[in-house]
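Trainee: here you go, sequence then predicted model.
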Amino acid sequence: MKIDPDDLAAVMERDPAILDEEDAIRFHTGLHAVSMYRESHKLWKEGKLKQARKINYKAHSLTGCDIHPGAVIGKRFFIDHATGVVIGETAIIGDDVTLYQGVTLGGVSFGKGKRHPTVGNRVVFGANATVLGDIFIGDDVRVGAGSVVVKDVPPNSTVVGIPGKVVIRDGIPIANDNRLKHDDIPDCTEERIAELASEIERLSKTIEQMQSQVKKSSKKTDDQ
C-alpha cells in the first residue's frame, strides 16, 4: 500500500493521538482507507474497474470505510477513525477536508448522473454528519456532528441540525486553531425549544385572558 506524503502529513497535523509517522503508517485506519482509495481511484481512471472495486472492497473490510473508486478527492484528505464513513461514486471533495467517524456523503437518486455532494476546501464534517444529494458545500464550512444536510451551504458557514441549518456565516472567521472544534457550535435545537417554550407561555397567557373575559361576560349575564 502506497502512502501519499500529503495524506500522511495531514494525519500528523490533525490527529493528536498519533505517536509518530511509523505509528500512523502501521495503525491509522483512516490513513489506510485514504491510501487504498487513491490506489483504487487510479485504477478506476485507467478503466480497470473490477480491480478498483476489489481494492475498494478490501479497504471496506479492513477499515470500515467505504470510498467509491469513482469519487474525486483532493490533497491532504484526513479521516479520523474510518469506521462508518461512506463516500459515493460522484462525490467531489476539495483539499484539506476532514471527516470524523460515521460521515456519509451520499446520494438520493437511482440515476447514473451526478448524485453526490461537491465539497470545497478546508471543510470539517463532525461525527455522523450526513450530506445527501448533488449539493454544494462551500469552502471553510463546518458541519456539526449528527447533522443532516440536504441543501447547498455557502462558504465560511457553520451548519447544524436536522435538517441542516446555517447558524454562522461570515460573522465569525474560522481560525486555524479552531477548525477541528466542530463541537463548538450553537445548538439550534436548544434555541428552537426555547422559542417554542416562549410561544407556549404567550399562548397560555392569551387563553387565561380569554377565559377571564368569558367568566366576566357570564357573570354579567347572570346578574341581568
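Mentor: Great, that's in hand. Numbering: from 1, shown residues only.

Trainee: which parts of stretch 111-131 are buried?
Mentor: Residues 115-131 are the ones in stretch 111-131 that count as buried (16 or more other CB atoms under 10 Å). In short, each C-beta sits where N, CA and C put it, glycine included.

Trainee: outline the domain layout of this structure.
Mentor: Here the domain assignment for the chain is 5-185, 187-224, based on automatic domain parsing.

Trainee: thinking again about what came up before, now, the buried residues of stretch 111-131 that are in strands?
Mentor: Counting by DSSP state E, the members of those that fall within strands are 118, 119, 124, 125, 130, 131.

Trainee: okay, now the unreliable bits of the protein?
Mentor: 170-189, 219-224 (pLDDT under 70).

Trainee: show me what the lengthiest helix in it is packed up against.
Mentor: The residue-count maximum for a helix in the chain (DSSP state H) belongs to helix 188-223. Packing partners of helix 188-223 (3 or more CB pairs under 8 Å, 6 or more residues apart in numbering; DSSP states H and E): none among the helices and strands.

Trainee: quick one: the helices in the chain?
Mentor: 5-14, 21-27, 29-45, 49-63, 188-223.

Trainee: would you mark the buried spots in the fourth one?
Mentor: Residues of helix 49-63 classed as buried by neighbour count (16+ other CB under 10 Å): 51, 52, 53, 55, 56, 59, 60, 63.

Trainee: dump stretch 34-41 to CSV, keeping only the CA atoms.
Mentor: Output in CSV follows, covering the C-alpha atoms of stretch 34-41 (Å, rounded to 0.1, in the frame of the first residue of the first chain):
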residue,chain,number,x,y,z
VAL,A,34,-7.5,7.0,2.1
SER,A,35,-4.4,5.3,0.7
MET,A,36,-6.3,2.4,-0.6
TYR,A,37,-8.9,4.7,-2.1
ARG,A,38,-6.1,6.5,-4.0
GLU,A,39,-4.9,3.2,-5.5
SER,A,40,-8.4,2.2,-6.5
HIS,A,41,-9.2,5.6,-8.0
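
Trainee: ok, the ones in strands among the buried residues of stretch 111-131 vs residue 79, which is closest?
Mentor: Distance to residue 79, by CB to CB, is smallest for residue 125 among those, at 9.6 Å.

Trainee: perfect, that will be all.
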